[in-house]
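Visitor: The following comprises the amino acid sequence and a computationally predicted model.
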Amino acid sequence: MPQTIHVPVLEVNDLSVAFTRYDRGLRQSTVEVIRNLHLTVGRGELLAVVGSSGSGKSLLAHAILGILPDNAAVSGTLRYEGEPLTPARQEALRGKEIALVPQSVNFLDPLMRVGDQVRSSVREGDADAEVRRIFDRYRLAPGTERRFPFQLSGGMARRVLVSTATVGGPRLVIADEPTPGLDPAAVRETLSRFRELADEGCAVLLITHDIESVLPFADNVAVFYAGTTVETAPAGDFSGDGARLRHPYSRALWQALPQNGFSPIPGVQPHPSALPPGCLFAPRCAAAGTDCSRERPEMRELRGGTVRCIHAT
């Protein structure tokens, strides 16, 4: 997909999220699970966020929406349409201009007909007409609105979730792992719907583990590791042997796919309470030197993307 210039809708700068908890003996401790995270998604852009479990992808979504638990402390800057995204503004925009497509179809109310669930998200106009319009757009047959969630297939339930999130005309859609459990055809169909939203001017932030499936639909990709962004790159850079990628972890993710050699890297992602000094990826990086353990690298621009690595060229 060709790289295009996008007007920023969401800007995340130096975001950190920490949780206060009580250990054995009622000792209080604080664990920082997201640190110095940077990300931008623009109007008309589909940005895929990838990385292993525990890297902070879903927490980012919750921070943007303002739905973190009470024991979370957030620092850094969130801006929406150029203005600070304060807690009051998050509450006002959530479910309206900023919409979430959640990870699980269990978010659908099992005791409520799906048409009523979508109808409750209509902001203006004839609610019944809007439900028929959005169901027709997502190829949900007439009569679907009278069904309960248990009467839907997995693919239909996913489309109802997307319908609920988008019927109100949001400007930013956050999709948190929208394709698990779907067959390949349903995955392509689901991702094509998000691509359509972006093509119509919406900003789409799509969180996924499935790099391979999302690449044909994404404009750019943000790679997360141990609670921070290590690279953002045009989707087209994920090709061949990964030589166009900037960060060694991004290349490792790409090369770990079966069609790219299925080459694992040693070690595991560090726990937030036991982070290494310096570069977070250094203990697993074959190219790491002594300078990599001195201080954590800053995000910098490189070859049309950004990277957090002092050796990237």
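Guide: Ah, there it is. In this text, all values refer to a predicted model and were calculated from it rather than measured experimentally.
Visitor: tell me the secondary structure for residue 230?
Guide: strand (DSSP: H, G, I helix; E, B strand; the rest coil).
Visitor: Confirm for me that it is in contact with residue 306.
Guide: No - if you go by Cβ atoms under 8 Å, residue 230 and residue 306 don't touch, sitting 9.3 Å apart. The way it works is simple: take the backbone N, C-alpha and C, and place the C-beta from them, glycine included.
Visitor: ok, the two, which is more surrounded?
Guide: Comparing residue 230 with residue 306 by neighbour count (other Cβ atoms under 10 Å), the higher total belongs to residue 230, at 26 against 22.
Visitor: separation between the more buried one and residue 133?
Guide: 41 Å (Cβ to Cβ, to the nearest Å).
Visitor: Run through the bridge partners of the spatially most central residue of the chain.
Guide: For the chain, residue 207 is the residue whose C-alpha lies nearest the centre (Cα atoms, centre = their mean; 2.8 Å). Listed beta-bridge partners, residue 207: residue 49, residue 176 (assigned using DSSP bridges).
Visitor: quick one: it from residue 55, how far?
Guide: 10 Å.
Visitor: same check, this time on residue 282
Guide: Using Cβ to Cβ, residue 282 is found at 16 Å from residue 55.
Visitor: From the contact counts, what lies against the helix or strand harbouring residue 19?
Guide: In the assignment (DSSP states H and E), residue 19 maps to strand 8-22. Helices and strands touching strand 8-22, by 3 or more Cβ pairs under 8 Å, 6 or more residues apart in numbering; DSSP states H and E, are strand 28-42, helix 57-65, strand 72-80, strand 203-207.
Visitor: Hey, what's the angle from it to strand 203-207? Just curious.
Guide: 40 degrees (axes from the mean of the first three to the mean of the last three Cα atoms, to 10 degrees).
Visitor: For residue 221, give me phi and psi.
Guide: phi -130, psi 130 (degrees, to the nearest 10).
Visitor: show me what contacts the residue lying closest to it once chain neighbours are set aside?
Guide: Spatially, and ignoring its direct neighbours in sequence, residue 221 is nearest to residue 48 (4.8 Å; Cβ to Cβ, 6 or more residues apart in numbering). By Cβ atoms under 8 Å, 6 or more residues apart in numbering, the contact list for residue 48 reads 206-208, 211, 214-215, 218, 220-222, 235.
Visitor: confidence score at residue 48?
Guide: pLDDT for residue 48: 97.
Visitor: Give the pairing partners of the strand holding residue 19; include direction for each.
Guide: strand 28-42 (antiparallel), strand 72-80 (antiparallel).
Visitor: which residues sit against that strand?
Guide: Counting by Cβ under 8 Å, 6+ apart, 28-43, 56, 59-60, 63-64, 68-69, 71-82, 85, 171-172, 203, 205 sit against strand 8-22.
Visitor: Would you mark the buried spots in it?
Guide: Buried positions in strand 8-22, judged by neighbour count with 16 or more other Cβ atoms under 10 Å: 9-12, 15-19.
Visitor: all helices in the stretch 51-200 of the chain, in order from the N-terminus.
Guide: Under the criterion DSSP state H, counting those that start in this stretch, the stretch 51-200 of the chain contains helices at 57-65, 87-93, 114-119, 127-137, 154-166, 184-199.
Visitor: now those helices in JSON lines, with distance to residue 24, mean pLDDT and mean neighbour count?
Guide: Putting the helices of the stretch 51-200 of the chain into JSON lines (distance: least, Cβ to Cβ, whole Å; pLDDT from 0 to 100; neighbours: other Cβ atoms under 10 Å) gives the following:
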{"stretch": "helix 57-65", "distance to residue 24": "25", "mean pLDDT": "95", "mean neighbour count": "21"}
{"stretch": "helix 87-93", "distance to residue 24": "33", "mean pLDDT": "95", "mean neighbour count": "14"}
{"stretch": "helix 114-119", "distance to residue 24": "43", "mean pLDDT": "94", "mean neighbour count": "21"}
{"stretch": "helix 127-137", "distance to residue 24": "51", "mean pLDDT": "92", "mean neighbour count": "17"}
{"stretch": "helix 154-166", "distance to residue 24": "40", "mean pLDDT": "88", "mean neighbour count": "22"}
{"stretch": "helix 184-199", "distance to residue 24": "43", "mean pLDDT": "89", "mean neighbour count": "18"}
